[in-house]
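**Q** how does the following fold in three dimensions:
(2 chains)
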Amino acid sequence: MEKNEEYMEKFWHTTAHVFANALTETFPTTKLAIGPAIEHGFYYDFDLDKNLDAKDLKVLEEKMREVLKRKESMIQKSVSVSEALELFKNNPYKTELINDLVEEGEKTISTYTNGKFIDMCKGPHLESTKEIGAIKLLKISAAYWKGNEKNKQLQRVYGISFKTQKELEEWIELRKKAEENSNIKLGKELDLYMINDMVGRGLPIWCPNGAMLRMQLQDLLVKEQLKQEYSFIITPHIGRTELFKTSGHLANYKEMMYAPIQIDEDEYYLKPMNCPFHITYYAKDPRSYRDLPLRLSEMGTVYRYEKSGELSGLLRVRGFTQDDAHIFCTPEQVKEEFKKVFDLVTKIMGILKLKDFRVRVGTRDPNSSKYVGEEKMWEKATQEIIEVLKEKGINFVVNPGDAAFYGPKADIIVKDALGREWQTGTIQLDYNLPERFNLEYAGSDGQKHRPVMIHRAPFGSFERFTGIIIEHFGGNFPLWLSPEQVRIIPISEKFMEYAKQVKTKLLEAEIRVKLDERNETLGYKIRDAQKNKTPYALIIGAKEVENKTISLRDRKGKQETIGLEEFLDKIVKEIKEKN
RNA sequence: GCUCUGGUAGCAUAGUGGUUAUUGCACGUCAUUGGUAUGCGGGUUUGCUACAAUGAUGACGAGGUCGCGAGUUCAAAUCCCGCCCAGAGCUCCA
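**A** Residues are numbered from 1 along each chain as shown, chains lettered A, B, ... in the order given. Model prediction:
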């Protein structure tokens, strides 16, 4: 049933009409806005003076079933614009939509009728509502009319439907499974991170397991960046007002920054970005074209104000560490540097089995004044990004108006193991900041020139990226990434001595290993290792001690007996290959 | 910030006005045990096979001003108000 997208769209769209029908019958004062089918199910936005709650949803579900029992046909009818305006004269939203359509050149308006209920809609729909056998209303939320925060807030109800009750139940079951993978749930279960009220919202503490995971990701980045001749620097978390004034952050980014801190006679701001500090380093010495490109990297912690409702587990926080770098180069080097960044991204995502990524190019919104710098520079920068993407054969879309205030950007969007898409990293070209800070280098002609900056963060932030990685792997991290790689389980205390020898040997080989010394049953300890998603459990008993072997059990339950040395070779190789 | 739903021990839960707030896991002590999680069934033997459900040896112990603060009441985890926090969604975004 899910396979035929076109059919499901019709199916859910028709269900949306059934919902609207039930809604208007229950609450006749409802003013309907729009109600499309979405990837899984449908929603309907409407204006109603009463805020609906969960009880109302139950009532509405019942009403929908009544509507469905009538088994009405969906009848399409095109009417003239004036007829449509008359038909929907009491509904300001439909009226606005009709006027929009007229502006786009439409001469007639399409409507659909089932029974007594009529809605403006271009379709297509099912022939009859009788095909819908099971419905469920999922949640209520607020949504802005036409998606604009400035517009009136409407109520939105999400729902889904299927042909049979069985399919509905299967879908609910599937949804539950996806929830099992949530970074919030797994973060708790695997003791990866915590968020504490007293510390503050949006400010996670990384627990040892999570910290290890993050350090491994960082290690991967550091090593790959060294291969591309990056340098690393470390900068402070706060800086004086003057710095952020010069950078333009106070003029363009202030609503994302926290209130200043008074220190002696001066005002300091928590840094929302690392760029001003990196630029300051660049400006320290006179630069020559021979120094460029200068690739400056920092795992830089920044603080940004996020509206309270936007915070979510590790995915959206208020203090986070970016895998930041700024590449200072000549205008001629921009394309080459851009290519190298994409090579880095491709390589790293490949290692993390996130091969299916695409790029969204954010360009300037011609009608907005929030940007700094000349239009010509923007055009050049945008052009260069697109050229590189085309040359590399990377999938991309252009999203006008999505640029940073200092330059166009390319956001990286990855698809995880469950097929969900996440925005992770970002690459931004910047012709503006070098200008504002009056950066220069001496060219081969002996003249002063202006360098170009590329801001880039392949992961975006360790917080968000780790959150995505948790969900992507469902907690079953590859061996090299696992906080605990091996758990040693002796069958009884009698074998503890050999177990300790094995532990020492593994520790010497830089393997993250724990020895379970608790006085619990073998079954309990095995179960515990499996629950913790530890890649390998080593069971050690009389046979193993005698033969200098270990009994190996992976987290899926597969077992084998192999020699200790053989195991060491195997695991070291596996870690090195990052499989 | 807005909408809805929630907040009971480390985690997960029961409890809608009436003694000392329920249960499981986790934690501690002791005991028991030990070969690949547990339960039940089957045969035959000490290792298999089939089915089913789910985070599991026993006893004891410890753990909670029921998110916070006012209010209603003889009596509040329970009803009312305010605030805080979380989740989902809108908007925004690394």
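
**Q** would you map out the domains in chain A?
**A** If you go by automatic domain parsing, the domain ranges for chain A are A:5-175, A:186-473, A:486-577.

**Q** dump those into TSV; add mean neighbour count as well.
**A** The way it works is simple: take the backbone N, C-alpha and C, and place the C-beta from them, glycine included. Shown next, in TSV, are these (neighbours: other CB atoms under 10 Å):
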stretch	mean neighbour count
domain A:5-175	16
domain A:186-473	17
domain A:486-577	16
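
**Q** quick one: stretch A:217-224 near RNA strand B?
**A** No - legend: contact between stretch A:217-224 and RNA strand B by CB under 7 Å from any atom of the strand is lacking; minimum distance shown is 13.3 Å.

**Q** can you check the pLDDT for residue A:356?
**A** On pLDDT, residue A:356 comes in at 84.

**Q** what's the closest non-adjacent residue to it?
**A** Leaving aside its sequence neighbours, residue A:356 sits nearest to residue A:415 (CB to CB, 6 or more residues apart in numbering; 4.3 Å).

**Q** so who does that neighbour touch?
**A** Each residue near residue A:415 by CB atoms under 8 Å, 6 or more residues apart in numbering is listed here: A:354, A:356-358, A:421-422.

**Q** who is it paired with across the strands?
**A** Bridge pairing for residue A:415 (DSSP bridges) gives the partners residue A:421.

**Q** same check on residue A:154?
**A** Judged by DSSP bridges, the bridge partners of residue A:154 are residue A:143.

**Q** contacts only, for it.
**A** A:33, A:45-47, A:142-145.

**Q** could you dump those to JSON lines with distance to residue A:245 and pLDDT?
**A** Compiled in JSON lines, these are given as follows (distance: CB to CB, whole Å; pLDDT from 0 to 100):
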{"residue": "A:33", "distance to residue A:245": "43", "pLDDT": "92"}
{"residue": "A:45", "distance to residue A:245": "42", "pLDDT": "93"}
{"residue": "A:46", "distance to residue A:245": "46", "pLDDT": "93"}
{"residue": "A:47", "distance to residue A:245": "44", "pLDDT": "91"}
{"residue": "A:142", "distance to residue A:245": "37", "pLDDT": "86"}
{"residue": "A:143", "distance to residue A:245": "38", "pLDDT": "90"}
{"residue": "A:144", "distance to residue A:245": "33", "pLDDT": "90"}
{"residue": "A:145", "distance to residue A:245": "38", "pLDDT": "91"}
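
**Q** between the residues you listed, which sits nearest RNA strand B?
**A** Minimum distance to RNA strand B across the contacts of residue A:154 is 3.2 Å, recorded for residue A:142 (CB to the nearest atom of the strand).

**Q** so what's the closest one closest to, chain neighbours aside?
**A** Leaving aside its chain neighbours, residue A:142 sits nearest to residue A:153 (5.0 Å; criterion: CB to CB, 6+ apart).

**Q** just residue A:520 next, same as before
**A** Closest to residue A:520 by CB to CB, 6+ apart is residue A:528, at 7.8 Å.

**Q** what does residue A:81 give?
**A** Spatially, and ignoring its direct neighbours in sequence, residue A:81 is nearest to residue A:102 (5.7 Å; CB to CB, 6+ apart).

**Q** and the one you found, what element?
**A** Assessed by DSSP states H and E, residue A:102 sits inside helix A:92-103.

**Q** remind me what that helix packs against, helices and strands.
**A** strand A:31-32, helix A:81-87, strand A:117-120 (3 or more CB pairs under 8 Å, 6 or more residues apart in numbering; DSSP states H and E).

**Q** who are the packing partners of whichever helix or strand comes after it?
**A** Scanning forward in sequence from helix A:92-103 by DSSP H and E, the next helix or strand is strand A:108-114. If contacts are counted by 3+ CB pairs under 8 Å, 6+ apart, strand A:108-114 sits against helix A:5-26, strand A:75-80, helix A:81-87, strand A:117-120.

**Q** give me that answer again for 10 Å
**A** helix A:5-26, strand A:75-80, helix A:81-87, helix A:92-103, strand A:117-120 (3 or more CB pairs under 10 Å, 6 or more residues apart in numbering; DSSP states H and E).

**Q** how far does that strand sit from its chain's centre?
**A** From the chain centre to the centre of strand A:108-114 is a distance of 39 Å (CA atoms, centre = their mean, to the nearest Å).

**Q** contacts only, for the nearest residue to residue A:89 once chain neighbours are set aside.
**A** Leaving out its chain neighbours, the residue that sits closest to residue A:89 by CB to CB, 6+ apart is residue A:95, at 7.0 Å. Listed by CB atoms under 10 Å, 6 or more residues apart in numbering, the contact partners of residue A:95 are A:84-85, A:87-89, A:120.

**Q** can you give me the pLDDT of residue A:95?
**A** The score at residue A:95 is 91. That number is its pLDDT.

**Q** give me the subset of the contacts of residue A:154 that also touch RNA strand B.
**A** Okay, of the contacts of residue A:154 touching RNA strand B (CB under 7 Å from any atom of the strand), that's A:142-144.

**Q** tell me the spacing between the closest residue to residue A:453 other than its chain neighbours and RNA strand B.
**A** Leaving aside its sequence neighbours, residue A:453 sits nearest to residue A:430 (CB to CB, 6+ apart; 4.2 Å). For residue A:430, the distance to RNA strand B (CB to the nearest atom of the strand, to the nearest Å) stands at 13 Å.

**Q** swap in residue A:421?
**A** Distance, residue A:421 to RNA strand B, using CB to the nearest atom of the strand: 10 Å.

**Q** wait, that residue sits on residue A:395?
**A** No - the criterion here is CB atoms under 10 Å, and residue A:421 misses it with residue A:395 at 11.9 Å.

**Q** mutual contacts of the two, please.
**A** Shared contacts of residue A:421 and residue A:395, counting by CB under 10 Å, 6+ apart, come down to A:356-358, A:413.

**Q** TSV please, covering the residues you listed and showing distance to RNA strand B and secondary structure.
**A** What follows is those, written out as TSV (distance: CB to the nearest atom of the strand, whole Å; DSSP: H, G, I helix; E, B strand; the rest coil):
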residue	distance to RNA strand B	secondary structure
A:356	18	coil
A:357	13	coil
A:358	14	strand
A:413	9	strand
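
**Q** of those residues, which is the nearest to residue A:25?
**A** Set against residue A:25, the nearest of these by CB to CB is residue A:413 (41.6 Å).

**Q** pull the contacting residues for the residue nearest the centre of chain A.
**A** Centre of chain A computed as the mean C-alpha position; nearest residue by CA atoms, centre = their mean is residue A:422, 3.3 Å away. By CB under 10 Å, 6+ apart, the contact set of residue A:422 is A:315, A:354, A:357, A:412-416, A:460, A:464-465, A:467-469, A:471-472.
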